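Q: please find the sequence and the predicted model below.
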Number of protein chains: 2
Amino acid sequence: MIILKLGGSVITKKEANEPTTDYNNLNRISAEIASSSFDKLIIVHGAGSYGHPFAKEYEIGKPIKDKEDFNSKKRGFSTTQSWVKKLNTIVCDSLRENGVLAVSIQPSSFILTRNKRIYSCDLDVIRKYLDMGFVPVIYGDVVVDLNEEIKVCVLSGDQIITYFGKNLNTERVLLGSDVDGIYTKDPKKYEDAELMKIVTSCEDMTTEGSINVDVTGGMKGKLLELIELAELGVESEIINAGKEGLIKKALNHQRVIGTIIKKKNEV
Amino acid sequence: MIILKLGGSVITKKEANEPTTDYNNLNRISAEIASSSFDKLIIVHGAGSYGHPFAKEYEIGKPIKDKEDFNSKKRGFSTTQSWVKKLNTIVCDSLRENGVLAVSIQPSSFILTRNKRIYSCDLDVIRKYLDMGFVPVIYGDVVVDLNEEIKVCVLSGDQIITYFGKNLNTERVLLGSDVDGIYTKDPKKYEDAELMKIVTSCEDMTTEGSINVDVTGGMKGKLLELIELAELGVESEIINAGKEGLIKKALNHQRVIGTIIKKKNEV
């Protein structure tokens, strides 16, 4: 089984003032997936401009100060849940119109976190979809948290990937990003930044390696999830989903430019 | 806790050739709910023109004939799931814009049926939402079925109501329909049809009492679910959600025109 992440910065216009889909990228990627060969596939997508602005505005996941703050966070939860669901509908429709048997999976319907980490997540239904040949499409969402101080939080697509990678029979994880992979320094600032072909720990990166910061933790947070997965034997690969053909090649097991995250002693 | 059903024939234009929302009804009902007083509330809505035409076209829930038929049903599943989710988004948005803390719950993410009856459905997340003061909004959907002959089926809002009524601490069930209640005969055909104030079993009805037939079983199917619930001690009330003010009155415990379904020996 392959897990394919579609970054929010790839399928949405992340810097837009309001939720905006990048249909060029999305429809091209959908067509690439439809024309690839795979046995079982799960797609996990980020929220981009459909999620982060709302989660940030309402401070979802921060301690609840008082009743008024809780009410505001609840309105924010309801609003954020609706927008990320709209993006998921757009992604699923694009996939299906290109011939992929997409099935939407809504995290906030069944996943509980505790201190922002997945606490319960029944995978039975997802296993059944995979067995039937469906492609489950799950996404970064807001969820209920068992910590009474926060009560709700943001569940990132990256954490979902780690959880699925651990608990489903996962062969590979492909992360479609808006950059070529992980650099030694921020390539937008430093001319001598080099693409790292292999990463085995966070120490491999300098702090300047953090390419962008988002509400779910930026590149460092993503990397920590992937290193955790690598330690358990599931390798992942960051590739540029913004460049035509790379997703298709990677799904078809062709080597493309990118960063591989693997276990230290396996280098 | 109150369970309020919004019939697909109330919030959509059921006879439309394509999915069409009845915004007049929906927005009015959302405002009525927002201005009512309730402790805990779950809203269950039907699919109307967003679900039935697709479920029927692809024969979701009928035995799978061959591989080709299975592929067609899978495409139908994916299509139907998407449309009913769109309606759910519209309903949740209308509720939230009117001030109701709506949270969407997608059945196909976590519910499994066996021979078209709910087999597993973890209610933990829904209980948490209710405790926090959210209003979960769940709906008729397509789901995975454990019977290998059908593999997928339609899960009606009415079956969800029965399951929730049994397994959550339910005080009342209110069914917002497009008719005043259950009649002795079809009121559209027979002038002497009388509204039944109380129903305790299916024998109370003549076969002509079946007002309309839809893919999830029509009025008789709905009634069987409600009688099952009444036997367990949860009374339900069919009222006309198409008429202004009735939902609000009923939520506020005022008596309105309609049919009460209760246990036989309690009449």
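A: Good, I have the coordinates. Numbers count the residues shown, from 1 in each chain, chains lettered A, B, ... in the order given.

Q: the helix or strand harbouring A:S30 close to chain B?
A: A:S30 belongs to helix A:23-34 when assigned by DSSP states H and E. No. With CB under 8 Å from any CB of the partner chain as the threshold, helix A:23-34 lies outside contact range of chain B, at a closest distance of 12.8 Å. For every residue, glycine as well, the C-beta is placed using N, CA and C.

Q: buried set for that helix?
A: Buried residues in helix A:23-34, counting neighbours by 16 or more other CB atoms under 10 Å in any protein chain shown, are found at A:N25, A:L26, A:N27, A:R28, A:I29, A:S30, A:A31, A:E32, A:I33, A:A34.

Q: next SSE after it?
A: As assigned by DSSP H and E, the chain's next helix or strand after helix A:23-34 is strand A:41-45.

Q: distance from the chain centre to the helix or strand hosting A:R96, please.
A: Secondary structure assigned from DSSP H and E places A:R96 in helix A:67-97. In terms of CA atoms, centre = their mean, to the nearest Å, the centre of helix A:67-97 is found 16 Å from the chain centre.

Q: buried sites along that helix?
A: Neighbour counts using 16+ other CB under 10 Å place A:72-74, A:76-96 of helix A:67-97 among the buried residues.

Q: and what of stretch A:239-258?
A: Counting neighbours by 16+ other CB under 10 Å, the buried set in stretch A:239-258 is A:I239, A:N240, A:A241, A:G242, A:L246, A:I247, A:K248, A:A250, A:L251, A:V256, A:G258.

Q: that stretch: end-to-end distance?
A: Start and end residues of stretch A:239-258 are separated by 5 Å (CA to CA, to the nearest Å).

Q: cool, and stretch A:48-68?
A: Across stretch A:48-68, the terminal residues are separated by 28 Å (CA to CA).

Q: stretch A:100-118 too?
A: 28 Å.

Q: quick one: average pLDDT of that stretch?
A: The predicted model gives stretch A:100-118 an average pLDDT of 98.

Q: what do you get for stretch A:185-204?
A: Per-residue pLDDT values across stretch A:185-204 average out to 82.

Q: name the residues of it that are buried.
A: Within stretch A:185-204, the residues that count as buried by 16+ other CB under 10 Å are A:K185, A:D186, A:P187, A:A193, A:M196, A:V199, A:T200, A:D204.

Q: A:I43 against A:V103, yeah?
A: No. At 9.9 Å, A:I43 does not count as touching A:V103 under the criterion of CB atoms under 8 Å.

Q: what's the angle between the helix holding A:R96 and helix B:67-97?
A: Direction vectors for helix A:67-97 and helix B:67-97, defined by axes from the mean of the first three to the mean of the last three CA atoms, to 10 degrees, enclose an angle of 150 degrees.

Q: what angle do helix A:67-97 and strand A:41-45 make?
A: Using the same axes, to 10 degrees, the inter-axis angle of helix A:67-97 relative to strand A:41-45 is 140 degrees.

Q: where does A:Y129 fall, helix, sheet strand or coil?
A: helix (DSSP: H, G, I helix; E, B strand; the rest coil).

Q: I'd say it and B:V142 touch.
A: No. Taking CB under 8 Å as the definition, A:Y129 is not a contact partner of B:V142, at 11.5 Å.

Q: which of these two has more neighbours?
A: Regarding A:Y129 and B:V142, a neighbour count based on other CB atoms under 10 Å in any protein chain shown identifies B:V142 as having more, with 29 against 23.

Q: host element of that one?
A: B:V142 belongs to strand B:141-145 when elements are defined using DSSP H and E.

Q: beyond that strand, next helix or strand please.
A: Of the helices and strands lying after strand B:141-145 in sequence (DSSP H and E), the nearest is strand B:152-155.

Q: what sits up against that next one?
A: Under the contact criterion CB atoms under 8 Å, 6 or more residues apart in numbering or on different chains, strand B:152-155 has outside partners A:132, B:51, B:55, B:60-61, B:73-74, B:77, B:80, B:107, B:111, B:113, B:116, B:118, B:140-145, B:215-216.

Q: find the nearest non-adjacent residue to the residue in the stretch 1-150 of chain A positioned nearest to chain B, please.
A: Taking CB to the nearest CB as the measure, the point where the stretch 1-150 of chain A comes nearest chain B is A:F110, at 3.7 Å. Spatial nearest neighbour of A:F110, excluding adjacent residues (CB to CB, 6 or more residues apart in numbering or on different chains): B:F110 at 3.7 Å.

Q: neighbours around the one you found, how many?
A: Under the neighbour criterion other CB under 10 Å, B:F110 is assigned a count of 24.

Q: with A:A102 instead?
A: One way to gauge burial is a neighbour count; for A:A102, by other CB under 10 Å, it gives 25.

Q: contacts only, for it.
A: For A:A102, the contacting residues are A:I43, A:V91, A:C92, A:D93, A:L95, A:R96, A:F134, A:V135, A:V137, B:S78, by CB under 8 Å, 6+ apart.

Q: what's opposite it in the beta bridge?
A: Listed by DSSP bridges, the beta-bridge partners for A:A102 are A:V135.

Q: the one 10 residues further on now?
A: Counting by DSSP bridges, A:L112 forms beta bridges with A:S120, A:V144.

Q: tell me the contacts of it?
A: With contact set as CB under 8 Å, 6+ apart, A:L112 has these partners: A:I118, A:Y119, A:S120, A:C121, A:V143, A:V144, A:D145, A:L146, B:D124, B:V125, B:K128.

Q: is the fourth one in contact with A:K166, as I believe?
A: No. Applying CB under 8 Å as the test, A:C121 and A:K166 come out as separate, 10.7 Å apart.

Q: for the stretch 151-267 of chain A, just list every one of the helices.
A: A:157-167, A:218-231, A:246-251 (DSSP state H, counting those that start in this stretch).

Q: lowest-confidence stretch among those?
A: Taking the mean pLDDT of each of the helices of the stretch 151-267 of chain A, the lowest value is held by helix A:218-231, a mean of 82.

Q: how much space is there between the residue lying closest to A:E15 once chain neighbours are set aside and B:A47?
A: Leaving aside its sequence neighbours, A:E15 sits nearest to A:S49 (CB to CB, 6+ apart; 7.5 Å). Relative to B:A47, A:S49 is positioned 30 Å away (CB to CB, to the nearest Å).

Q: quick check: closest non-adjacent residue to A:I105.
A: Leaving aside its sequence neighbours, A:I105 sits nearest to A:I138 (CB to CB, 6+ apart; 4.1 Å).

Q: and that neighbour, what does it touch?
A: Listed by CB under 8 Å, 6+ apart, the contact partners of A:I138 are A:I42, A:I43, A:V44, A:H45, A:I105, A:Q106, A:P107, A:I126, A:G157, A:I160.

Q: the one helix or strand it maps to: which residues count as buried?
A: Element membership for A:I138, per DSSP H and E: strand A:135-139. Across strand A:135-139, burial judged by 16+ other CB under 10 Å covers A:V135, A:P136, A:V137, A:I138, A:Y139.
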